[in-house]
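Student: need a structure here:
(one chain, ligands or ions: 1)
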Amino acid sequence: MPDLATIMTAAPVIPVLVIDDVADAVPLAETLVAAGLPVLEVTFRTAAALDAIRAMAKVPGAIVGAGTVLDPDLYTAAVDAGASFAVSPGLTDRLARAAADGPAPLLPGVASASDIMRARDHGFSRLKFFPASIAGGIPALSAYASVFGDLRFCPTGGITADNAADWLALPFVDCVGGTWIVPRGGARDLTAIAERARRAAAPIA
Ligand SMILES: O=C(O)C(=O)C[C@H](O)[C@H](O)COP(=O)(O)O
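Tutor: Numbering: from 1, shown residues only. All right, here's what the predicted structure looks like:
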């Protein structure tokens, strides 16, 4: 299983996916991989999520993770379905222990200095900054990075095609996550998805 360093540097953007119909999963994954975004986060916000992870994990080139992993049960379900990594909006001691014992790396969410210190205590050095735009935006993350110089971040929440490059220009940011590549309800518009994905995958202008 790839480690978080590999996952977070495989592409500049991790599309955050909310999949309502499992039939959309494979065409979506194939489209995103072909457009240059191989790392995909399928959120546990719909009933289709587990089956979608199972199906997408078999798409050649795709590195499929589970998002909205709130507790050890969801972590285990994600791993059993074939997820290569897990993403959580925050961190609990139970979830940290489950990930430490499990095969798939966890990218936990942090929004404050204390969150970051707790995650560091648990041994995490790669963190999701969430919700990035309202937890203080670039000024807040820059302040945290000046104190926690050993950490790497994936800002998520409020990232868009218009501001992704600003975040990606930060030296402590490996990648960003967001739903803008595949807006909910738009999973079948593969032409538009491919276009947004290609732009997101391109090096910073
Ligand atoms: O489901 C999770 O685990 C989350 O943490 C939430 C997502 O990362 C954000 O919802 C992405 O937000 P937008 O790109 O602003 O739509």
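
Student: make it CA atoms for all contacts and neighbour counts henceforth
Tutor: Noted.

Student: Poorly predicted segments of this protein, please.
Tutor: The model of the chain has pLDDT under 70 over residues 204-205.

Student: Give me every residue in this protein lying close to the ligand.
Tutor: Contact residues, the chain versus the ligand (Cα under 6 Å from any ligand atom): 43, 67, 68, 88, 89, 156, 157, 158, 159, 178, 179, 180.

Student: Of the residues you listed - the most surrounded one?
Tutor: In terms of neighbour count, residue 67 stands highest of these at 28 neighbours, by other Cα atoms under 10 Å.

Student: Around residue 128, how many other residues sit close by?
Tutor: The tally of other residues near residue 128 (other Cα under 10 Å) stands at 27.

Student: Look at it and give its secondary structure.
Tutor: Here residue 128 is recorded as strand under DSSP: H, G, I helix; E, B strand; the rest coil.

Student: give me the beta-bridge partners of it?
Tutor: residue 109, residue 154 (DSSP bridges).

Student: close enough to count as contact, it and residue 110?
Tutor: Yes - here residue 128 lies in contact with residue 110, judged by Cα atoms under 8 Å, at a distance of 6.1 Å.

Student: From the ligand, how far out is residue 59?
Tutor: With distances taken as Cα to the nearest ligand atom, to the nearest Å, residue 59 is found 22 Å from the ligand.

Student: I'd assumed that residue was in a helix, is it?
Tutor: No - assessed by three-state DSSP, residue 59 does not belong to a helix; its assignment is coil.

Student: how near is residue 47 to residue 85?
Tutor: Relative to residue 85, residue 47 is positioned 19 Å away (Cα to Cα, to the nearest Å).

Student: now swap in residue 172 and tell me
Tutor: To residue 85, residue 172 is 20 Å away according to Cα to Cα.

Student: which one of these two has more residues nearby?
Tutor: Neighbours were counted for residue 172 and for residue 85 using other Cα under 10 Å; residue 85 has more, 27 against 20.

Student: Spit out the contact partners of residue 44.
Tutor: For residue 44, the contact set (Cα atoms under 8 Å, 6 or more residues apart in numbering) comprises 18, 50, 66, 67, 68, 69.

Student: how deep is the second one tucked in, by neighbour count?
Tutor: Just to be clear, that refers to residue 50. Neighbourhood size, residue 50 [other Cα under 10 Å]: 24.

Student: begin at 19 from here
Tutor: Okay, residue one is now 19; in that scheme the one you just asked about reads as residue 68.

Student: count of residues packed around the closest residue to it other than its chain neighbours?
Tutor: Excluding the flanking residues, the one nearest residue 68 by Cα to Cα, 6 or more residues apart in numbering is residue 99, at 6.4 Å. Residues contacting residue 99 under the criterion other Cα under 10 Å number 20.

Student: repeat for residue 72
Tutor: Residue 72 has 20 nearby residues by other Cα under 10 Å.
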